[in-house]
Every structure is written in structure tokens, then in C-alpha cells.
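Undergrad: below: sequence and its predicted model.
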Amino acid sequence: MSILDEIYALQSEIEKDWALVDNAESLENFRIKFLGKKGKIQDLIRKFSHLSPDDRKEAGRVINELKRKYEELVQRKKDELVSLESVEIYDLHITPRQLELGNLHPLSKVIDELLDVVVGLGFEEVGLDQAPDVEWDYYNFECLNIPPFHPSRDMQATFFITEKMLMRTQTSPVQVRTMLQRKPPLRVVHVGRVYRVDAFDATHAPCFFQMEGLYVDKNVSFAELRGTLEMLVREIFGEKAEFRMMPSYFPFTEPSAEGQVKFGDRWLEIFGCGMVHPQVLRNVGISPEEWSGFAFGLGIERIAMIKYGIDDIRLFSENDLRFLRQL
Amino acid sequence: MRVSYNLLKEYIRDLKLSPEELVDLFPQLGIEVEEFRYLGEGLEGFVLSGLVEEVKELPDAAGYKVAKVSLGGRKITLVSTAPNVSKNLKVVVALPGTRLGNTVVQRREIKGVQSEGNILSLEELGFPVSSEGVFELPEEFKVGISPLEYLGLKDWTYELYVFPNRPDLMGIIGLAIEISAHIESEIVWPKVGVEEECSDVPDIEIVDAEGCPVYTGRIVKNVIVRESPFDLVKKLSILGQRPINNVVDITNYVMFEFGQPIHAFDREKVEGGIVVRRAKPGEKILCLDGVERTLDPEILVIADHRKPVAVAGVIGGEGSSVTETTKDIIIESAYFDRVRIRKASAMLGVSTESSKRFERGGDPSITEVASRRVAYLVKQMAGGTVCRIHEVKKKHLEQKKINVYFKDLNRIFGKEIDPLFAKRAIDRLGFAVHRKEDCLEVVVPPRRRDIEEWEDVAEEILKIYGYDRIEARTTTCGSFSGRKLKTIDRELKKVLSSAGFFEVKTVEFVDPEELEAFGQSASDFVRIRNPIHSEMSVLRTSLLPGLLRVASINLRRGLDFVKIFEAGKVFKWRGEDNLPEERLFLGICVAGEIPRTWDRTERTIDIYDLLAAFNTIRVKFEPELSLVSEELSEMGLVNGGVIRSREKRIGYLGAVSNKVKKLFDVKAPVFAMELDLTEAKLKDVRYTGIPVFPATSRDISIVLDVTSSISEVVKMAEEVLAPFLEEYRVVDIYTGKPIPEGKKSITIKFVFRAGDRTLTQEEVDQKFYTFLDLVKDRGYEIRGLNG
């Protein structure tokens, strides 16, 4: 039997076996039997060493062609079987595995956003150690031009702890404490809790968050206060937000103003603000002849209520997870 | 302060603004309009004057009458129970559709008679009076027309919020001056011209000169006290004041007019003379509201030579009040110290129209003219002989002069302001003003005691100029670099919220009982003197009560489980000479049951859910936090552990005890932890490289009592297996056969790796066997090995 005949015999054996390959296992067996290192093709090639150079060349050509053909077929079959295997049937409408997501409190988010804007305007956040929630009457009222028995104390019903100690009714004492500690120029912002004697209802709470900004420098103008607030409003409520200023009264600013933003056809108060009262500057040892400043405050809950369309302030302290999850 | 459009019109020449335009003007003056109302609302078009032409009693219904009323063009039949409905009476008829408060007049059958409308009383028309019968229109009143104008109901009221620094705006004239200055109109001053026909004066002695710098008294003899003319009744009613009698009504009206409270005494009941003094301890007075009040020496009173006759500036005494039997009156127009009045009002718990005005300050120079105005009106409406005024002045108030420099004005406005404009603006507000080269010299009128510095004057000019006309200027913030505080709680909040936990914010006021349930010490509590209720009477010393409340409310509302945290302040009392200590805490709470889904079975939340959170944040700290089991039952926790930073105890955790759970009305398992962040620091995060050499692992199963901890075993592992031990984890916890009752088998996988080479199996085995020997030496039973 010539070597070529042997090759052809192997070829017909291969063809017969190939016809029976129908899964990954039989494919692998086929591969090992014929194409593996100890497979039949390799066995045959080993016999070539006895051949004349011419015969060896011819036999080599034929068997290599055969080998390449089946190597290709095996690879193709393999790919085909793999893609067949991965087909499993899924229902895309089964409720999937649940990702467990938490959330920050909406007030934290609003505070964070507002701080980003204000900080972007060059304000430095203060209040780590100079912003106690329990405050002396002196810092909360007296230094801010609100002596005892002043009727403007009615504007902020106060929780008292002793005659001289109280829950701060505003973040403004941080102005006083900052100015006592540091020399102007100053450009600072503080966010914190304030407390007023108000029972809970849809629009009132005994405690809420306030943000307070203060800028003291040479030649600070009311026009700059307006410019700063306008920028804040645009950042918070968008480019098209309408803003206006109206006269108001705070014992620690003069002139005092209210910054209002239009929602629908209603103007809502967003800021209380004004130029720092000269007496307040004197109280903290800053000369009003040399320095001037502006201050503004805003209620965080109010901004959050407008931003998210919340109609009841109690939701913030009730902490129903179905509320917290939405925002 | 309430005022009406028609009233303002009386005092402002040519008020061209419409009622609605006035609503828009007020905010520009710094006055908030809390409510704007048309008084004819619901009445207009439905209310007509009528003439009663016939009245018949209903035979079988006592008190019911059937009246035929002519409305000019037509006649209607209606049923009334008013006693004064009689033939030929001119009345106000409400036709079906009229809205009276919340009710709508309807055509209906009463006692078998079709009633086609109502005859109205003043009370039904909204006047603050109690009417026994229907209102009687004057005989000459035309029939079939709208009576609203006559009734003063074709008017608009403004409920105004006036800031406490502006006593002058607590009167119609003050408001009129402010409005006129803005619309460049003029004031129509009320008439005060009255002839003083008698020189009898009351005896006046001021004992407390500080409490009462100025007191005036004036006698009017032989007055006729009776019901006020309808015009005055109307005006007072619109202002919300109940009419009493002509003299009292006049004093009230002049208060609303000038903002200066006036009081009238029955001269006969003032024994001897008037003494303005502090009350004696325990002294009592029966007040006009029928309440007897005990006074205090902090309170200023008006007394006669025997007894107090009024609480000065707050409320009059019943005994000396003007009634229909009064003959001679004393008109008091005085100026009281605002602090004194505020103290009295606060101590007695009475706030009146009078005290509200005095405690804001007011105008000491107005006492005389207000007294004159009262005398004028009394003469008009009650007759009598007006005597001259007796004024006692203890203090002369100095005229206030302020120089307002143009350079300062320009700075505030952010641009050059026309000096002429500035001058005219303050001039229009009634300030005397001289223009100098570099400033305006301004003399402040006595009614504007709020004006103290040039900035106050600047605000007045700014209001006339228009706040909203100020052009925005961008701040030059080049020299400032803004930055946020990098606080540890902000970092931890991010970590926890991204790990499935919800941030909550609870109220700082808590129930002391709830704090005590968590072992908090009552001596640390900061107590609120005037809490909203007892459940909110102390400041929290722990975040746990707040977290438990949130867990409880959510579970009771049907949520399966909660995973929550809060970062916030807690407060510790340090005596009344120091502010309380405020510390920043982090609290975490997990509770409930995780429900079954197709890919996992249901399970209750357990302490490992809490420890997952702890383990996640533990490694963020510098130094890393550690946890040591400790009995914490006195803190309301079982299975407790203490959290340490090095050796310092900074927190604790555990399962909430059943007793505490009951207090918060929770049945599900609850686990909580609390951590003091005040001094804590976060680790600086640095890249440490990715391991290049392969890891190898060994498992060990040991058998323990179910109540024992693996802590000793892992501690030994950490010591003995160093430096190749990369991590370990519990891969199985098993109880049941063949493990004996009361025991558990725990399988721990230890992972080994070296940073500089591949570890050989031999060296790992060598280490591991040393460890195993140690474990066996300590008496642990090893159930299996693997790897």
C-alpha cells in the first residue's frame, strides 16, 4: 500500500467519523483521534521519514491539505457549538435582582448644591467650632442690635434654656463670632440648624436649616449685594428666574431688604438681607468708617420645597423612606 | 395693623392709585400686605335696600313673622325672627345668592312660607357687634338701591404687617405720610381746632419718671355718653374694633388715626388725682376685659390717690371706665417707656392695641395734638365743656441731627446719586433737610425714632428711589478663594448612602424618657424652659432615640426593613455658666425583615447588616476602628460591643433590647450603633499597588460553643500568620448533625500572599501548621482542614 493510498484510506475514515460529529464531546474526541499530537494524522506523518524526497514532498502536500481542512472544520464547528450552547431563554419582564440603593437626605443635597454655588462666588465655609446651636442671648440678640425687651424679639419666638442661654433663632450669631475672631476682609458662609417656638404644621417647624453669607470689605455696596443674590438665584432656579428686592427690616442690617423670586405669578421671599448695621460692626470692634459689608440668609427647607415641589415641611423630619427614596 | 382704602383716601389728597395698585405699593414701602379684601365681596349685586310694607305674625310659630318688603320695582315675601321688624322700616335685604361668610342665602320654605330672602343685621353684615335685631336704615334712604356704600362696605381692607421698628406706621396718618411721599401727594390733616372753655385740670403726679416721660390729662365736663354715630361705628368696625360708646370709640379711633393710644377715665371714679407709679407688690386691679390681675413692681400703673385705675399703656381698669352714666371725663394722652410696657404686657400675658403701639416706641411729641383731636371729636359727638390740657414732662427729648455724606450714599447705591434727588426724597418724608457741600444735614422728626444713623436715612432714600432700581454689580471676589469645610461626616454620609443606607434628619428636641431608656444620664440633659411639649423638652445626648422613632414609624407604616443613619449634633449640659458641649455623632440603625424574592429567601435583618456598615466605615478612619464585645445592657443594648479608636472608646453598638423596642413600639429586630466623630480623622487614601504574585488559601473548621466568639482564633491567626496573611473570611457557619447540641462549626478561609514572590506550598503549610498547633493547644476542636 503506497503512502498515498494510506492517506486516502485515512481520509475516508476521517470523512466517515466527521459525519458523526454532532456535539462538543464528539468533536473533541474527533480532534484528539485525528488531529491531536498523538492522533492518526501525526502517526502517518511520522512514517514519511522512510520515503524518497519526491514522495515525501507529494505526501506532505496531500496530508497537510487534509490536516488544514479538518482543523478549519473543527474550529468552525467548535464556534458553532459554543454560540449554540450560550442560548438560554430569559424573560426580560421578570423583576430583576434589586440593587440596594441608599440616599442622602434631600436637605443635605440642597445644602451641598447651595454651598457649591456660594463657594464658587468666593465664600469660605465656616462654623466647625464657632457655631453652637445653643447660644448666648448676647450673640444671638444683643450683639445683633436686639436688646432685651425689644419688640423685634417677637419676630423670632425663642426657646430658652436659662435667662441668658437659648437655642439660636438664626445663623447670624456666626457673623458676630466670625468677626470677633478674624479681621476683615471676610467672605464667609455658614449653614446650620436654627430653632423657633413654632409647633409643627405644613409650613412651620420648631427647627430648620438656614444659610448665612457675610462679606465685609472696603467699599461694599448694596449693588454688590444685589449682584451676588442675582447670581445665586440664577444658579439655583435657572437663567430665566425673575428676581426682585423689596425693603424689609432686620435690626442688624441697614438698609435691610428681602430678595424675592417669582414662581408662577407669585413672588416668594427667598432671602433676608442687607448691609451690615454699623452698630453691629462697632459691637465687634470693626470701624464702620473703614469697613462695610453685606449679609444674607436663606431657609434651606424653603428652597428644597420649591425645588422638589414639596408641600409639607414635616416630611423632612418625619423621614418616611418612601419620601427619602424619591428625592 | 388694619387699614382701609377709603380711610386712607380721607387723609391723602388726591389718592389716584386704585385699591389694587395700593397692594403693589405697600411692599415697596417695606410693609407686607398679609391680606387684601373687598368688603362687598359676596354682597355686591345681591343686597338691596327695602321697605317693610306689611308684617304678620305666624299664628303657630312664636317669634316668626312674615314680611312683605318692597324693593322699589318689585315686592318679595320673607320670613324673619328679628324682634324689630315692623311696618315702614327701611331695611337691608339679602336676596338668594348673597354670600355671608360661609353661608349662602337661599330661597327656602320656613314654617310653610316661601321666604325669598333675608333681612340683615349689622352682625350678619360682618360688623364686630352683637345685633339683637335687623339693621335699620335711615327713614330717608331710597328703596331698591345698593346700601353698600352707606354701610361702608364699598371699601377694601389691607391687613398689614408693620415691622417692629416702625411705630409710626401703626396709625393711618403715618401710613398716609409714607404713601404720599412715594406718590408725591399731600396729607389732609384731621381737624383738631377746639376751644378750651374751662381751666379745670386734673392733678397729675409722675413718680416713675423713667417709665413715663410725658403725661397729659384733660378734663371734658358734662359729656353725653351714648352710642356712637353710625359713621364712627362703621370706621371702627372696618378697623376690627368693637364699638362701645362714643367716648371710648373716639379714643380708640384717635389711636388708629395717630398711632397714639389714648385712655379716658370717668373723672368721678378717680379719687384725688392721677399718680403715675410702679404697682405695689400684690396690688390688684379688675381690668376692662373682666379679669382681675395681680400686679408687680415691674409694672407701671396709673393710680388715683387710693388705688390703681389702669395698667399704664396696656389695659384700663373696669372701675374707672367711661359708661353711659359718666358725666365728666379725663382724657389721658401720655408717652410710656417701651420696655416698661413690654414687661407689663409679658408679665400679665395681655397684648392690646395700646401695648402693641407703646412697646414699639412711638412719638412723645404727639401727646398734645392727639389729646386735642380727642377733645375736638368729643365736643362734636358727646358735647360738653372742653378744659385746658395739663402736661407734665419729665424728660425733654433732644432733636436728632444726622449728616448724610454723599460719598457714603454713593457707596451704598453703588453709583453716583443725585444730591437733589436725595434731598427731595427725605424732604417728602417730612424730615427737615439742608443741603451742604458734601452732605445733607437731616433733622429727624420725633415720630421717626427708628432713624439713628446715616444708614437709616440712606434706607429711606433707597425706598423712594426704589430698591429694585439698584443695578446689580458683580462682587470683586478676586482676593477670596471659597472653600467648603471638609468634615468627616460629609465623607461618611457619601459612603453609607452609596451602600444602601438612607440619611435621616431628626429633631434635636427629644423625650427625656427615651434618652434614659438608652442609659443616658439625666444630669447631662440640656432642658428647654418653654418646650412645645414634654416629648420635646430636652436636647438629645444620643442619636438613637431619633433613629428608633424613624425606624418605628417606617415599620409601622408597612415598610419591610429600614437601614438608616444620621450625622448630627448631640448636647451635654455643663452648667449655666458654660454653653453645653456640642459633639458630632454618627448613628446607624437597621431593623425589620428582608422579604423573599425569586432569587433569595426572606430573612430577618440581623447584627451582621449593622456590622457590614461598621466594617465599611471602620477602615476609613485613622487609626482604623476596632470592636470589642462588651455587656451594654444598661444602655438598652444586648449583644453589645464597644467601638474603639486605639484604646479610646468612641462608640458602641448592639441589638436593641426588647424593653426599649416596646417603648418605641417596634416588634421587629433592631440593631443600632453610635459613634462620636468629634475628634475622629479620616485616613489619607494612597495607592498601594495591585498584587502581582498569586495567592493561596487554607480553610479551617473549628467547633465552638454557640455562645463563643471566634475573636481569639482570628487574633491568633493575625499574629502567627503575619506577614503573609492577606485576609480571612468566615465561609460557613453550621449547626446540626453531626455537630453536638450547643456547639457550632465555623469554617474560616485564610488567604496568603507575598508581595515579592510566589509563596511555596511548603512555606504556607509550615506557617499554617504552627497556627493549627496553637489553636489545638488552646483547646479548640478542629473539625476539618482544606487547601
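TA: Everything's here; your move.
Undergrad: kindly report the domain assignment for the chain.
TA: Picked chain A for this. Per the record, chain A has its domains at A:3-85, A:106-326, by automatic domain parsing.
Undergrad: that's the wrong chain, I meant chain B
TA: Taken from automatic domain parsing, chain B resolves into B:2-39+B:155-187, B:40-154, B:204-393, B:400-469, B:488-676, B:696-786.
Undergrad: quick one: closest of those to residue A:82.
TA: domain B:488-676 (26.7 Å; C-beta to C-beta). Placement of C-beta: from N, CA and C, glycine included.
Undergrad: remind me which residues of chain A are low pLDDT?
TA: By pLDDT under 70, the low-scoring segments of chain A are A:85-87.
Undergrad: now do 50
TA: By pLDDT under 50, chain A contains no weakly predicted segment.
Undergrad: show me where it has strands.
TA: A:124-125, A:134-136, A:165-167, A:186-195, A:207-217, A:243-247, A:253-263, A:266-276, A:292-299 (DSSP state E).
Undergrad: again with the stretch 451-600 of chain B
TA: For the stretch 451-600 of chain B, strands defined by DSSP state E, counting those that start in this stretch occupy the ranges B:502-503, B:509-510, B:538-539, B:561-572, B:581-594.
Undergrad: out of the ones you listed, indicate the one that is most buried.
TA: Each of those was scored by mean neighbour count; the highest is strand B:538-539, a mean of 26, by mean count of other C-beta atoms under 10 Å in any protein chain shown.
Undergrad: that older thread, would TSV of the domains of chain A with mean neighbour count and distance to residue B:347 be doable?
TA: What follows is the domains of chain A, written out as TSV (neighbours: other C-beta atoms under 10 Å in any protein chain shown; distance: least, C-beta to C-beta, whole Å):
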stretch	mean neighbour count	distance to residue B:347
domain A:3-85	14	90
domain A:106-326	19	11
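Undergrad: nearest to chain B, out of those domains?
TA: Of all those, it is domain A:106-326 that lies closest to chain B, at 2.5 Å by C-beta to the nearest C-beta.
Undergrad: residue B:228 reaches residue B:381, doesn't it?
TA: Yes: judged on C-beta atoms under 8 Å, residue B:228 makes contact with residue B:381 at a distance of 6.7 Å.
Undergrad: so what's the model's average confidence on stretch B:720-732?
TA: The predicted model assigns stretch B:720-732 a mean pLDDT of 92.
Undergrad: circling back: make a markdown table out of the strands of the stretch 451-600 of chain B and add mean pLDDT.
TA: Output for the strands of the stretch 451-600 of chain B, formatted as a markdown table (pLDDT from 0 to 100):
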| stretch | mean pLDDT |
| --- | --- |
| strand B:502-503 | 98 |
| strand B:509-510 | 96 |
| strand B:538-539 | 98 |
| strand B:561-572 | 97 |
| strand B:581-594 | 97 |
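Undergrad: which among the ones you listed is found nearest to chain A?
TA: strand B:502-503 (4.3 Å).
Undergrad: now tabulate the strands of the stretch 451-600 of chain B in CSV and tack on distance to chain A.
TA: CSV is the format used below for these (distance: least, C-beta to the nearest C-beta, whole Å):
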stretch, distance to chain A
strand B:502-503, 4
strand B:509-510, 7
strand B:538-539, 7
strand B:561-572, 6
strand B:581-594, 6
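Undergrad: select, out of those strands, the one closest to residue B:166.
TA: Residue B:166 sits nearest to strand B:509-510 of all the strands of the stretch 451-600 of chain B, at 33.9 Å, using C-beta to C-beta.
Undergrad: what is that closest one packed up against?
TA: For strand B:509-510, the elements it packs on are strand B:538-539, judged by 3 or more C-beta pairs under 8 Å, 6 or more residues apart in numbering or on different chains; DSSP states H and E.
Undergrad: which residues touch the strand it packs on?
TA: Here strand B:538-539 makes contact (C-beta atoms under 8 Å, 6 or more residues apart in numbering or on different chains) with A:134, B:508-512, B:515, B:525-528, B:570-571, B:580.
Undergrad: closest to residue B:615 among those?
TA: residue B:570 (24.0 Å).
Undergrad: so the closest one bridges to which residues?
TA: With DSSP bridges as the criterion, residue B:570 is bridged to residue B:583.
Undergrad: what about stretch B:672-680 and chain A, any contact?
TA: No: legend: contact between stretch B:672-680 and chain A by C-beta under 8 Å from any C-beta of the partner chain is lacking; minimum distance shown is 10.1 Å.
Undergrad: residues in contact with residue A:220?
TA: By C-beta under 8 Å, 6+ apart, the neighbours of residue A:220 are A:275, A:292, A:293, A:294.
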